[in-house]
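Asks: got a predicted structure here, sequence first:
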Amino acid sequence: MLENQLSLFPPRPVEDFVENIQKLTEEIQELYCQDEIPIVIGWSGGKDSTCILQLVWYAIAALPPEKRTKTIHVITNDTLVENPIVSAWVRKSLNRMKTAAKEQGMPVETHLTHPAVQDTFWVGLIGKGYPAPRKRFRWCTERLKIKPTDSFIREMIRTSGEVILVLGTRKAESAMRAANMAKHRQWRVRDRLNSNPSRPNSLMYLPIEDWRTDEVWMYLMQWQNPWGNNNKDLLTMYRGATADNECPLVVDTSTPSCGDSRFGCWVCTMVNKDKSMEAMIQNDEEKEWLQPLLDFRNELDVENDRDKRDFRRIYGKVELFEHDVDGEILVKTIPGPYTKYWREHWLKLVLEAQTQIRQTAPPEMRDITLITAEELSEIRRIWLEEKHEFDDSLPRIYKEVTGEEFKDPRPGAERTLLGSDEWAVLEDICEGDIMHLELMAKLLDTERQYYTKSRRTGIYDTLEKCFDTSGRAKEEAIDNAHYQRNLNNAVKAVKENPDDIYQVRQALNENPSDAKNNSAKINKVKQSIESKTDNKNRQLSWADIKFSADDSETTDD
């Protein structure tokens, strides 16, 4: 990759590089002074975002104090599952920025955003049961990164009308990044300034879009950090995050794409391995306390986790997809969320890792929180109210692992009519039948939820949904999904070619064992077709089917 970068972005003399910095300084000053549009800098703590923040800081500091009238907003997003080393670095840096801005008379304000509690990683994974993120289901990026930042920017636009976003995006990061940036040139207003097609009333300023990676490091090493950080510490952190002790080419927590070596979420399963954390542990004995996090991430990242997940989608429906295996089309179920056992398992592992780290980490890191009380409360609410798991296992697991009572910050969380005793009785009654237990739990808890309401409107519809999602055994539900798929395909074929109505007969003949019990009307249609049709040369109409069914019903009577 380094060779590609050298060929695509040839090195330039130091004099030209210094001249470019001077040109950017004047350009930033002009952009700052020409109007009242607020400037927002996306700062992740990585090298590129640190580089652009330094450029802006030095440019504005060179202006007379009376011209520093427009606030520069430095926004950083904490996903709450960031690498703890990087997270600590970022928080310390933000505090230094506040102090330095006040001392130097700089119009800089820092903002640390984070996802709403219902959108956090643990609420999604452990509470709702979302599987570990994959390319086809990257549910984390939108919730953890995009929404918190977008909410802040939208508020800025609402109050100020417009906003200028300063980003550290560079073409040399990757060929894909260069191609994406080339596409956005059609919205270019002027050099390094684009309008944002996805966010009206916002502009994107890319001051270092043409810089090479070695130029970024050259700038950081030769120009002192203006808010008091030591950029050599940043370099050391980068070096410690790679097995070969060299600076990686793509390391930036602000970008959703992932390289082979990166800083970012320690739970990330979008990469084959968390090489940055592995290298930290390997290169520095003082960072061995991170091992429980790496162990958790590796256990979460398995190629096939179907055995850990429900056979239904999260809304309770069995869905099928076609899978081509060596030219043979196989029809499989689409796995859904993690089952109750595995959601509880992940919770135990997170709490165990948190407990262990608080005992083994350096003193300055022993107050680390991997999962917050607010997240635990939301997970508990989801298990109780949405999944109807009234055994209320979260407080029990919390005490078993930590030795402490769980104090739920949600008002009224302890007021329950059903609990672990009732759940144990129900398990005995259902004699190990998981689907029967699930159905009974849903029915009982639905009645409990409506019992506390002044009006019980809608209870019958809710009870009906319980039967729809949990009224069949696993094998019966899957067989029924295949049956419905075959029937739908046959009906579709008939619509395209009415002469193919006999495909409906074939689909009906392939019904599962429970179809005769649960699809009486369809069976009557089948019997009617078989008794009234003497040969396959006559085309049946909808009337044949409709009135044949009525006739058969009359005959039975």
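Replies: Noted; the coordinates are in hand.
Asks: how near is D214 to G316?
Replies: In this structure, D214 lies at 54 Å from G316, with Cβ to Cβ, to the nearest Å as the measure. Bear in mind the C-beta positions are built from the backbone N, C-alpha and C, glycine included.
Asks: G228 too?
Replies: Applying Cβ to Cβ to G228 and G316 gives a distance of 55 Å.
Asks: so between the two, which is more surrounded?
Replies: Neighbours were tallied for G228 and for G316 using other Cβ atoms under 10 Å; the higher tally belongs to G316 (17 against 14).
Asks: who's in contact with the residue nearest to the spatial centre of the chain?
Replies: The residue lying closest to the centre of the chain (Cα atoms, centre = their mean) is C140, at 1.0 Å. Listed by Cβ atoms under 8 Å, 6 or more residues apart in numbering, the contact set of C140 reads T79, F121, G124, P133, C265.
Asks: again with R306
Replies: P335.
Asks: and the one 10 residues further on, by the same measure?
Replies: Under the criterion of Cβ under 8 Å, 6+ apart, the neighbours of G316 are K465, D468, T469, S470.
Asks: narrow the residues you listed to those that are buried.
Replies: Among the contacts of G316, those that count as buried by neighbour count (16 or more other Cβ atoms under 10 Å) are T469, S470.
Asks: from the contacts of G316, which land in helices?
Replies: Assigned to helices by DSSP state H, the following of those qualify: K465, D468, T469, S470.
Asks: identify the residue spatially nearest to the first one, adjacent ones excluded.
Replies: Spelled out, it's K465. G316 (7.6 Å; Cβ to Cβ, 6 or more residues apart in numbering).
Asks: state the distance from that neighbour to A477.
Replies: Look at G316 and A477: by Cβ to Cβ, they are 10 Å apart.
Asks: what count of nearby residues applies to R192?
Replies: Close neighbours of R192, defined as other Cβ under 10 Å, add up to 17.
Asks: just to check, it is in contact with M204?
Replies: No - the pair R192 / M204 is not scored as a contact, 9.0 Å apart, by Cβ atoms under 8 Å.
Asks: low pLDDT regions in the stretch 51-200 of the chain?
Replies: With pLDDT under 70 as the threshold, the stretch 51-200 of the chain has low-confidence stretches at 172, 174-190.
Asks: at 80 instead, please
Replies: Low-confidence regions of the stretch 51-200 of the chain, defined here as pLDDT under 80, cover residues 171-192, 196-199.
Asks: quick one: the nearest residue to R472 once chain neighbours are set aside from F467, how far?
Replies: Once flanking residues are discounted, R472 sits nearest to N480: 6.6 Å by Cβ to Cβ, 6+ apart. Separation of N480 from F467 (Cβ to Cβ) stands at 13 Å.
Asks: picking up where we left off before, which SS state does the residue nearest to the centre of the chain fall under?
Replies: Taking DSSP: H, G, I helix; E, B strand; the rest coil as the rule, one finds C140 in the helix state.
Asks: what does the residue nearest to K465 show for phi and psi?
Replies: phi 90, psi 10 (degrees, to the nearest 10).
Asks: check the one 5 residues further on too.
Replies: Comment: the main-chain dihedrals of F321 come out as phi -140, psi 150, following degrees, to the nearest 10.
Asks: isn't it right up against V331?
Replies: Yes - counting by Cβ under 8 Å, a contact exists between F321 and V331, whose distance comes to 7.4 Å.
Asks: re earlier: please identify which of N480 and F467 sits among more neighbours.
Replies: When N480 and F467 are compared on other Cβ under 10 Å, the one with more neighbours turns out to be N480, at 19 against 12.
Asks: surely that one is in contact with K474?
Replies: No - with contacts counted by Cβ under 8 Å, N480 stays clear of K474, the gap being 10.9 Å.
Asks: next, the contact list for D150, please.
Replies: By Cβ under 8 Å, 6+ apart, the contact list for D150 reads R199.
Asks: send me the particular helix or strand that has it in it as CSV with only the CA atoms.
Replies: Counting by DSSP states H and E, the element that carries D150 is helix 147-160. What follows is helix 147-160, C-alpha atoms only, in CSV (Å, rounded to 0.1, in the frame of the first residue of the first chain):
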residue,chain,number,x,y,z
LYS,A,147,-26.6,9.8,14.7
PRO,A,148,-24.9,11.5,17.6
THR,A,149,-22.7,13.7,15.3
ASP,A,150,-25.6,14.4,12.9
SER,A,151,-27.8,15.4,15.8
PHE,A,152,-25.2,18.0,16.9
ILE,A,153,-24.7,19.4,13.4
ARG,A,154,-28.4,19.6,12.8
GLU,A,155,-28.8,21.6,15.9
MET,A,156,-26.0,24.0,14.7
ILE,A,157,-27.8,24.4,11.4
ARG,A,158,-31.1,25.0,13.1
THR,A,159,-29.7,27.8,15.3
SER,A,160,-27.2,29.4,12.8
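Asks: now stretch 463-481: how far from the chain's centre is it?
Replies: Averaged C-alpha coordinates place stretch 463-481 at 29 Å from its chain's average position (Cα atoms, centre = their mean, to the nearest Å).
Asks: and the average pLDDT for it is what?
Replies: Taken as a whole, stretch 463-481 carries a mean pLDDT of 92.
Asks: okay, V267 and F121: tell me how far apart.
Replies: Distance, V267 to F121, by Cβ to Cβ: 6 Å.
Asks: want to try CSV for the contacts of G316, with distance to Q224 as columns?
Replies: Shown next, in CSV, are those (distance: Cβ to Cβ, whole Å):
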residue, distance to Q224
K465, 63
D468, 66
T469, 62
S470, 64
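Asks: between F321 and V331, which one's more packed in?
Replies: Neighbours of F321 and V331, each counted by other Cβ under 10 Å, are more numerous for V331; the result is 12 against 9.
Asks: ok, the more buried one - contacts?
Replies: Contact analysis of V331 by Cβ under 8 Å, 6+ apart lists L320, F321, E322, H323, H482, R485.
Asks: which of the residues you listed lies closest to S454?
Replies: Distances from S454 to those, taken as Cβ to Cβ, are shortest for L320 (42.2 Å).
Asks: for the closest one, list each beta-bridge partner.
Replies: Using DSSP bridges, the bridge partners assigned to L320 are T333.
Asks: got a list of what it touches?
Replies: Taking Cβ under 8 Å, 6+ apart as the test, what L320 contacts is V331, K332, T333, I334, A481, H482, R485.
Asks: if we go to 10 Å?
Replies: By Cβ atoms under 10 Å, 6 or more residues apart in numbering, the residues touching L320 are V331, K332, T333, I334, I478, A481, H482, Q484, R485.
Asks: helix, strand or coil for the first one?
Replies: Secondary structure for V331, judged by three-state DSSP, is strand.
Asks: gap between it and D310?
Replies: Noted for V331: a distance of 18 Å to D310, by Cβ to Cβ.
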